[in-house]
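> Sequence first, predicted coordinates after that:
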Amino acid sequence: MLKIIISLFITLIIVAGTVMTVAIIFSSDGRESERQQQQSLEQQREVDALNVDSGVLIVSQDRAFNGTNPDINLKANIPQELVLVNKDSTPHDINVESLKIDSGILNKDEEFKTTITAEPGVYEYYCSLHPQDMKGKIIVQ
Ligand SMILES: [Cu+2]
């Protein structure tokens, strides 16, 4: 009888331990995905920062500028800052030949800043390392 009680007790401890371990793994998973969600929200805010009054933030990531190589709208004849941050482990740059802009090659987490004061027009921007995938238009009005 005593043996049965002891083995029941041991089984109970093993079961409780397993349940607690699973619970801990799940709760840390939850925290992890919450953190990732917050991170992607921050990235979203960075992407949304396009076309703010004072300037433009471009993030190169996954071989694209701001995910979709968007049109960048600028106001004519007003100095506006353009910032490029490279978030890829692959090097990138940004070139706008008609505005004489060449960032030079940026490695991961490096950034390039310039100020654009341009006449109305459409200016192509591109990455010289991936000109097929990373190119878009700066529209100055
Ligand atoms: Cu590139």
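That came through, no problem.

> so where's the protein shaky on pLDDT?
1-53 (pLDDT under 70).

> go again using 90 as the cut-off
1-56 (pLDDT under 90).

> can you list the domain ranges for it.
Listed domain ranges for the chain are 1-48, 52-140 (source: automatic domain parsing).

> How much space separates Pro120 from the ion?
28 Å (Cβ to the ion, to the nearest Å). Quick note: C-beta positions are derived from backbone N, CA and C, even for glycine.

> what about that residue, how many residues close to it?
By the measure other Cβ atoms under 10 Å, the count of residues near Pro120 is 11.

> Next: the one 5 residues further on.
When counting by other Cβ under 10 Å, one arrives at 23 neighbours for Tyr125.

> And for the one 4 residues further on?
The burial count assigned to Leu129 is 15, neighbours taken as other Cβ under 10 Å.

> Contact residues of this protein facing the ion?
Where the chain comes near the ion, counting by Cβ under 5 Å from the ion, the residues are 92, 127, 129-130, 134.

> Among those residues, name the buried ones.
Those of those that meet the buried threshold are 92, 127, 130, 134, by 16 or more other Cβ atoms under 10 Å.

> wait, the last one sits on Asn66?
No. With contact defined as Cβ atoms under 8 Å, Met134 and Asn66 do not form a contacting pair (10.3 Å).

> hmm, back to that, biggest separation within the residues of the chain next to the ion, which pair?
Taking Cβ to Cβ, the two most distant members of the residues of the chain next to the ion are Leu129 and Met134; they sit 8.0 Å apart.
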